[in-house]
Each structure stands twice: as C-alpha cells, then as structure tokens.
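Q: what follows is a predicted structure for the sequence shown.
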Amino acid sequence: MIIDKIINEVEIGLNILFGPTSSKRPRPDKKISGDENLNPEIKKNHAKLMRVNHSGEICAQALYRGQLFFNKDKTIEKSLNKAASEEIDHLVWCEQRINELDGKTSLLNPILYIGSIGIGGIASIIDKKYNLGFLAETENQVSSHLDRHIVSLSKNDVRTKKILEQMKLDERQHEMSAKELGAAELPKPVKKVMSITSKIMTSLTYKV
Ligand SMILES: [Fe+2]
Ligand SMILES: [Fe+2]
C-alpha cells in the first residue's frame, strides 16, 4: 500500500538525516595518523568543504530513494540499491571527518533531502532511460566537483584527500553502471540547470 511505502520512506529519511553511524567499508584514510600538521584555518576550511560533500551525499541518498519509489525495473533497483549503500559509506566518512575537523553538518540538509527525493521521483516517472541518464549525469557532476575539491585541499590533509579520492572512484563507477544499464544522454539545458542548482547548493552549504 502506498501509505505503508510513504511511512517506510519517512523512517529511512529520518535515519539518513540523523546519522547512519557505521559504514560497510573501512575508511580509506584509516592507516594515516592524526591531524597535527593542520592549522586551525585549514581545519576550518576543510570542515566546510566536507560539509558541502556531506550535503551532496544527503542529496544522493534522497535522489536514490526518489528514483526507487516509482521504479518497477528489478535490474535498476539492484543497481540503485548497490550505489545507495556505497553512498552511505560516503555519508558516514564525511560526517566523521567533519567532526574530526571540529566542523558541523549543514542546517539545510532536511530541505535538501526533501527537494532531492522529489526530483528523483519525478525523474523515475518520466522514463527509464532518462531516470538512468539523470543518475549518470548526477554522478558525473559529483565526480568533477570532487576533483575540484581534491586539488584545493592543503597538502597536509592527506586523510581528507584519501576519503575524497575513494568517493570519486565510487561516483565514476556509479556513472558507468547507469550507462551500462542504458542511461540516455540528457539534453544540454537539463545538464545546465543541474549544474547551476548544484553550484547554488554548494555555496549555501559551505556557509551554513
Ligand atoms: Fe557519494
Ligand atoms: Fe554516487
């Protein structure tokens, strides 16, 4: 029943927003020791960058949940669930790193979650190949965004770099999987709107 599905989604949403506490995979930086080389200014900036990435992962979870809500294709469901589980790792790693850098997660996360679940749901209603196309393009834009963050990090913060590098590898893999399942290339204006929306989200979550 639809009402049960909605209640289940609310439960999952609250779980994601208020902290999945453990990742399935170990942290990519687990063999690297402390943050003694980081001065307070670098810590502050990197905590904000990780806040942006954490919010991106909140959006990713919501997009996947939205895309799964109306999806009836079992192959797509399997692929989305696998990617969503890897994104949980990203979410946990980002949150842990923010705490280590004495930062805070974004206050905008609940709004971002609700907005993203709606977008994911709409994408899944339109058409299967555009649903996958939307996913592939999201992953592509996230990877490019992570590239920019990786080069902007202080060389002393190897731990954050390791986390972001693994995340980037996973996002590229998600993009490839979506393409293998038959993702359609999105029209240029749609890509542009997605890119503008993500830039707005990035600059807002860097601040709050
Ligand atoms: Fe991710
Ligand atoms: Fe991803």
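A: Ah, there it is. Small disclaimer: the values here were computed from a predicted structure and weren't measured. Ligands and ions are numbered 1, 2, ... in the order given.
Q: number of nearby residues for the residue lying closest to residue 89 once chain neighbours are set aside?
A: Take residue 89 and drop its neighbours on the chain: the residue closest to it by Cβ to Cβ, 6 or more residues apart in numbering is residue 23, 4.0 Å away. The way it works is simple: take the backbone N, C-alpha and C, and place the C-beta from them, glycine included. Here the count is done by other Cβ atoms under 10 Å, and residue 23 has 17 residues near it.
Q: so residue 112 is in contact with residue 63, correct?
A: No - look at residue 112 against residue 63 with Cβ atoms under 8 Å: they stay out of range, at 10.3 Å.
Q: what does this structure have sitting close to ligand 2?
A: Counting by Cβ under 5 Å from the ion, the chain comes close to ligand 2 at 139, 171, 174.
Q: hmm, try it at 8 Å
A: Residues of the chain lying near ligand 2 by Cβ under 8 Å from the ion: 60, 83, 86-87, 90, 138-139, 142, 167, 170-171, 174-175.
Q: now go through the residues you listed and say which are in helices.
A: 60, 83, 86-87, 90, 138-139, 142, 167, 170-171, 174-175 (DSSP state H).
Q: from this structure, which residue is nearest to ligand 1?
A: Of all residues in the chain, residue 90 sits closest to ligand 1, at 3.7 Å by Cβ to the ion.
Q: residue boundaries of the helices in this protein?
A: 2-17, 40-70, 74-100, 109-126, 128-152, 158-180, 188-207.
Q: out of the ones you listed, which one sits most buried?
A: Counting by mean count of other Cβ atoms under 10 Å, helix 40-70 has the highest mean neighbour count of the helices of the chain, with a mean of 22.
Q: tilt between that helix and helix 188-207?
A: Put simply, helix 40-70 runs at 130 degrees to helix 188-207, going by axes from the mean of the first three to the mean of the last three Cα atoms, to 10 degrees.
Q: and helix 40-70, average pLDDT?
A: Helix 40-70 shows a mean pLDDT of 94.
Q: show the contacting residues for the residue most central in space within the chain.
A: Most central in the chain under Cα atoms, centre = their mean is residue 57, positioned 2.3 Å from the mean C-alpha point. Each residue near residue 57 by Cβ atoms under 8 Å, 6 or more residues apart in numbering is listed here: 87, 90-91, 94.
Q: do the same with residue 152
A: By Cβ under 8 Å, 6+ apart, the neighbours of residue 152 are residue 49.
Q: any idea how far residue 58 is from the nearest residue to residue 82 once chain neighbours are set aside?
A: Using Cβ to Cβ, 6+ apart and skipping residues adjacent in sequence, the residue nearest residue 82 is residue 177, 7.7 Å away. Noted for residue 177: a distance of 21 Å to residue 58, by Cβ to Cβ, to the nearest Å.
Q: same question for residue 140.
A: Distance from residue 140 to residue 58, counting by Cβ to Cβ: 19 Å.
Q: my read: residue 195 touches residue 140, true?
A: No - using Cβ under 8 Å, residue 195 makes no contact with residue 140, being 10.2 Å away.
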